[in-house]
Each structure stands twice: as structure tokens, then as C-alpha cells.
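>>> Sequence plus the predicted model coming up.
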Amino acid sequence: MQPDALATLQQHLSQALSQVPDETRRLFHGRGRCWAGLEHVTVDCLQGVVLVSLFREPAADELEALIGMLSALTEAQPWQSSGAHTLLLQHRYLPDSRMQPLLGEPPEEWVITEDGLRYKLDLGIKQNNGLFLDMRYGRRWVRQQAGGKRVLNLFAYTCGFSVAAIAGGAEHVVNLDMARAALSRGRDNHRLNEHDLSRVSFLGHELFKSWGKVKKTGPYDLVIIDPPSFQKGSFALSRDYQKILRRLPELLTESGTVLACINDPDTGPDFLIQGMAAEAPELVFQERLENPPEFPDIREDSGLKAMVFRRRAGPVVQASK
């Protein structure tokens, strides 16, 4: 991290901290490659906790300079007026994603709000803290669409989509994820928002071994697919996404909707549009949701892809392969 890049980061953070929103937001998104030399840096404001994440190892002198700049930042007026009380530096490039406190100590659990909904985060324990902030508009869209609907949330993680759906009046949400600890945190998130858990199901199973269980509780008006790009032993984007797409017609109602997502920067939206046309042609592409403005990207197709497909009425002629 060269001195000019460090100065750019300092200027950006000083400005961002002087106008911190009431809810959780990303303050700096270097991974969109809009600022040279800062492609490995992100900064999140978690309502009192500022989390700086490094996605590759800096040289020793660069790390020292960064820590010095961040420590000085806590003495400046923008920080003092922001209400922030804790500054954490996460070394995401390390196997344990070590969290280094620069001011205060990382709380084991921390509650934040997004669109008026509450979510519990883990800070200093795991690589990911429990809520992917770039999906804010996706959760908002689900909340707006969910009224009276049966929803299937695949790769549910900590059930952010489920919380949004129930808040939007969903009849029932089925969450599936092989990580039972993440689903347990999903229950916590629903309880935080005083939701009726009788309207929420949690299936701690691997998807490709559980189609029978998933289909049994259908059909669904809305299916959400938000997988990791790669999860060792369970999911690879290029190999497994098509397996999900071809199952969608048997999971959906006659007028069902799908929100299909990709977070891999090297995979564009055509992967889903073409894949859906090949595997489930009765589902027609409707729109790609916008990403929040705090996640700029040098290439539009490198950012998060949250794609809406709707089932069309009438018979569909399967294209020959």
C-alpha cells in the first residue's frame, strides 16, 4: 500500500465518518478496484464498531503505516463525532482471519440494524460476520415481494433473506443450509425481530442429498438461490448451479418467482440467463437488481449479480441441446 493510496483511504474514511448513517453500511469498498493500491481493503461501519478487512497480506512497513493512519484517525474529529467506539483490523488472508483490536475489544456478539431489521453478528470469531452487506437491496426486494407467499431460501446461511421475508408478511419460509450453526444464528435473528417461528422452518442438510425434503414442503411462490462461489466438498459454481436450475420447475408454483444470485467477480450475469434458458426455459429473466451505491465496481458485471426470473404461463418448447 503506497503512501498515495494510504492518503486516499484516509481521506475517504474521514469523509465517510463525518456522515455516518444510522444503520450499518460499508464505508469503503476497495475490492471493486476503483482505487489503485486499495483493492484488498474494505471498511464497514457496524453501528459503533468500525471493521477494516485486509484480503491479502501487506508488507510489514505497509501494515505499520496503515495501523498508524487508522490509530490517528480515531483521534480526529470525524471519528469523535461518528459515535464509533471500537476499531478492528481483520486479517482475512490468514487461515483464522485473525481480528486485531486497534481500539476497544471485539464484542463476541454484536447486533446491527438494516432497513429497521435486527441481525446478530459474530466479530473476531469467524471469517464472515453473519451478514453480507452488498445484498442489502436483495433483502429489501424480498421483503417487498414476500407478502402471503411460501418462500424457499437455499444456502440460507444466517437467514437474512428469511428475516426480510417474514417481515414482509410471508406465509412460510423454509431455510436450507448444511451449516447448522448458521441456521441457529438464523433462529436468533428471527427472535431478535420478534417473529413467529411457527412460520419458519430450518433444514440443516446438504441440498443435493435433500431434494425430497425440499420438494415435500413446496411448491413455493418464491425461491432464493444465493450460494457461495465455491465450498469444498459441497458446491462449485460452474459444476453445480445448473443442477439447481433444472429442479426449479418442480419446486415452483405456476406463477412462481426465482431470485438467483452470483457473487463471483469472474462470472457475469449471462451465466444465469443462459443457464436458466437451457435448464428451466419456462423461467424468464425479468431484471437484475441494483447493487447499493457503497459497492462501486470498475466493471458492472464483476459486482454482485442478483437476478429475478418469473415463470411464464402456457406450454414451453424445450430447445434442443
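Cool, the structure landed. Residues are numbered from 1 along each chain as shown.

>>> any idea where the helices of the stretch 101-250 of the chain begin and end?
Secondary structure of the stretch 101-250 of the chain, counting by DSSP state H, counting those that start in this stretch: helices at 136-145, 160-167, 180-192, 211-216, 237-245, 248-251.

>>> helices and strands around the shortest one, which ones?
Spelled out, that is helix 248-251. helix 211-216, strand 220-225 (3 or more C-beta pairs under 8 Å, 6 or more residues apart in numbering; DSSP states H and E). All C-beta atoms are positioned from the backbone trio N, CA, C, and that covers glycine.

>>> about what we covered before: tell me which of the helices of the stretch 101-250 of the chain lies nearest to Val151.
For Val151, the closest of those is helix 160-167, at 4.8 Å, according to C-beta to C-beta.

>>> was I right about Ser14 contacting Thr74?
No - applying C-beta atoms under 8 Å, one finds Ser14 not in contact with Thr74, separated by 11.5 Å.

>>> quick one: which of the two has more around it?
Between Ser14 and Thr74, counted using other C-beta atoms under 10 Å, the more crowded position is Thr74 (19 against 14).

>>> Just confirm the more buried one contacts Pro101, I think it does.
No - here Thr74 does not reach Pro101: they are 11.7 Å apart, not a contact under C-beta under 8 Å.

>>> what is in contact with the two at once?
Leu87 (C-beta atoms under 8 Å, 6 or more residues apart in numbering).

>>> which one is Arg312 nearest to, not counting chain neighbours?
Using C-beta to C-beta, 6 or more residues apart in numbering and skipping the chain neighbours, the partner closest in space to Arg312 is Val284 (5.1 Å).

>>> swap that for Arg140, sorry
Asp115 (5.7 Å).

>>> next one: phi and psi at that neighbour?
Taking degrees, to the nearest 10, you get phi 50, psi 40 for the backbone angles of Asp115.

>>> tally of neighbours for it?
For Asp115, the neighbour count with other C-beta under 10 Å is 13.

>>> ok, now how distant is the closest residue to Pro269 other than its chain neighbours from Thr158?
Among residues not flanking Pro269 along the chain, Lys305 sits closest, at 4.9 Å (C-beta to C-beta, 6+ apart). From Lys305 across to Thr158, the span is 21 Å (C-beta to C-beta, to the nearest Å).

>>> do Phe285 as well
Phe285 is 28 Å from Thr158, where distance means C-beta to C-beta.

>>> quick one: which of those two has more around it?
Thr158 (28 against 17).

>>> Double-check the more buried one against Arg185; I have them as touching.
Yes - at 4.4 Å, Thr158 and Arg185 qualify as touching, with contact defined as C-beta under 8 Å.

>>> hmm, back to that, so the residue nearest to Pro269 bridges to which residues?
Lys305 forms beta bridges with Ile262, as assigned by DSSP bridges.

>>> Kindly report the same for the one 4 residues further on.
Taking DSSP bridges, one obtains Val258, Phe285 as the residues bridged to Phe309.

>>> Contacts only, for it.
Neighbouring residues of Phe309 by C-beta under 8 Å, 6+ apart: Thr257, Val258, Ala260, Met276, Leu283, Val284, Phe285, Gln286.

>>> on that earlier part again, who are the neighbours in contact with the residue nearest to Pro269?
Cys261, Ile262, Asn263, Thr267, Gly268, Pro269, Leu272, Arg288 are the contacts of Lys305 under C-beta under 8 Å, 6+ apart.

>>> what's around the first one, how many residues?
The one in question is Cys261. Look at Cys261: counted by other C-beta under 10 Å, it has 19 neighbours.

>>> For Ala76, give me its contacts.
By C-beta under 8 Å, 6+ apart, the contact set of Ala76 is Ser14.

>>> closest one to Pro95 among the helices of the stretch 101-250 of the chain?
If you check each of the helices of the stretch 101-250 of the chain against Pro95 by C-beta to C-beta, helix 180-192 wins as the nearest, at 18.5 Å.

>>> now the angle from that closest one to helix 160-167?
For helix 180-192 against helix 160-167, the angle by axes from the mean of the first three to the mean of the last three C-alpha atoms, to 10 degrees is 30 degrees.

>>> can you tell me the average pLDDT over helix 180-192?
Taken as a whole, helix 180-192 has an average pLDDT of 97.

>>> buried sites along that helix?
Neighbour counts over helix 180-192 (16 or more other C-beta atoms under 10 Å) mark Ala182, Leu183, Arg185, Gly186, Arg187, Asp188, Asn189, His190 as buried.

>>> Good, wrapping up.
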